[in-house]
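*Asks:* Test case, fold it:
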Amino acid sequence: MNRIIILAVLFCAVLAGAAVGAEGTFVEVEIEVFQSWGILGWGSWEALETRFITSRFVPLSSEDAERLAEIDGICADRSAGIDRSACPLLGELEHRSEQSYAMDADLGADYRVVLTNRTDAKLGVVLAVDGLNTNGNAAVRGDATDRKWVLLPGQTVRITGWQVSVDEALQFRFATPSRTHSPIEEARGGIGVYVYLPDPLGSESTRGTEAGAVVGQPTVRIPFASALDGPAETITFDYSSDSIRLGILCTETGGAGIRVVSVLDGTIAALKGLRAGDVITYADARPIGSCADLGDLLATKSPGDRIVVKVHRESRVFLLTLELGG
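*Replies:* Numbers count the residues shown, from 1 in each chain. Here you go, the predicted model:
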């Protein structure tokens, strides 16, 4: 397998360009907030703008790679009586993808998560809010045992609350940590979407739930078996107020340092002159050998902190000071 490119990001005081929602390989995600404009509770749902933070590719485990090879052989057998809708997706899968975004929450406002299946196959989607699975209200484990919403090919659903029982839900509402429904402190302020691809062989051993208008509508459980133990795609949204915003893409060099893939327009990194192709070898006097090294350093910082990076460009070597935004 070719070397997997891992993308991380670094950023800046000026906010990166905003977009509405996130387009993953398998699902599209939007966060909509209810804007009230009448004394009778009238209002409308409007999409929140999101800011891209990071994207990276994670190699599949050896177990998942072996499982994909097994499924590929069965898919190639035209005489096998299987559901072939997922075969093209699984045949092209070489890594897991992870994307993260940030957004400004309107505290106290109701919101909902809009999920669209971009494929011709049935998907299992775990939607986590503040670390809790919205389907069943349990803490998310991050593997195929998590209960999933099942999205049919091309289907769009709007999930508006935690489904705590078959016919009872709690409305999503942006809240401060002390007022959130979730008891998981370290996960508060985040929304996570974990996408699982179906097993063409079919299995009744795992369960899913058809997604619909969750609040006030009973749900129907339908079976879903995941081809892999973990999600093929993860998309997260950070709405906490203390997150560090990022703004460059980097990849491994195969040696010392990390290479800048691209720089988002309007960020401090761009204004300071950082360019695609630059190699960063040190940050705050620490050697940087991978994008993960840079991510670990950023995790120790707060908005407004500054970091000094050592940049190699063609025949030049220089230091650059970047301020982290909030």
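
*Asks:* Just to check, V126 is in contact with G230?
*Replies:* No: using Cβ atoms under 8 Å, V126 makes no contact with G230, being 10.7 Å away. For glycine as for every other residue, the C-beta is placed from the backbone atoms N, C-alpha and C.

*Asks:* more crowded one of the two?
*Replies:* The residue with more neighbours, out of V126 and G230, is V126; 24 against 17, by other Cβ atoms under 10 Å.

*Asks:* what bridges to A139?
*Replies:* Residues in a beta bridge with A139, per DSSP bridges, are L132.

*Asks:* quick thing: my sequence starts at 11, can you match it?
*Replies:* All right, first residue 11 from here; so that's A149.

*Asks:* List the contacts of it.
*Replies:* For A149, the contact set (Cβ atoms under 8 Å, 6 or more residues apart in numbering) comprises 141-143, 194.

*Asks:* Can you report how many residues lie near A237?
*Replies:* 23.

*Asks:* same deal with the one 4 residues further on?
*Replies:* For P241, the count of nearby residues is 26 (other Cβ under 10 Å).

*Asks:* ditto for the one 5 residues further on
*Replies:* Neighbour count of T246, defined by other Cβ under 10 Å: 19.

*Asks:* ditto for A295
*Replies:* When neighbours are defined as other Cβ under 10 Å, A295 has 7 of them.

*Asks:* and the closest residue to it other than its chain neighbours, what helix or strand is that in?
*Replies:* In space, and not counting its chain neighbours, A295 is closest to V318: 7.7 Å by Cβ to Cβ, 6 or more residues apart in numbering. Here V318 sits within strand 316-323, counting by DSSP states H and E.

*Asks:* thinking again about what came up before, with the contacts of A149 in mind, which one is nearest to T64?
*Replies:* Ranked by distance to T64 (Cβ to Cβ), the contacts of A149 are led by G141 at 19.1 Å.

*Asks:* pretty sure that closest one contacts V150?
*Replies:* Yes: contact criterion Cβ under 8 Å: G141 and V150 qualify, at 6.2 Å.

*Asks:* residue closest to the middle of this structure?
*Replies:* Nearest residue to the geometric centre of the chain (Cα atoms, centre = their mean): I245, 1.4 Å.

*Asks:* What strands line up against the one helix or strand Q109 maps to, and which way round?
*Replies:* Following DSSP H and E, one finds Q109 within strand 105-112. Strand pairing for strand 105-112, determined by DSSP bridges: strand 59-69 (antiparallel), strand 243-248 (parallel).

*Asks:* Enumerate the positions of the strand holding V318 that are buried.
*Replies:* Across strand 316-323, burial judged by 16 or more other Cβ atoms under 10 Å covers 317, 319-322.

*Asks:* Stretch 78-89 too?
*Replies:* Using 16+ other Cβ under 10 Å as the test for burial, stretch 78-89 gives 78, 81, 85.

*Asks:* got it, and stretch 59-74?
*Replies:* Residues of stretch 59-74 classed as buried under the neighbour-count rule (16+ other Cβ under 10 Å) are 60-66, 70, 74.

*Asks:* again, but for stretch 147-154
*Replies:* Buried residues in stretch 147-154 (16+ other Cβ under 10 Å): 147, 150, 154.
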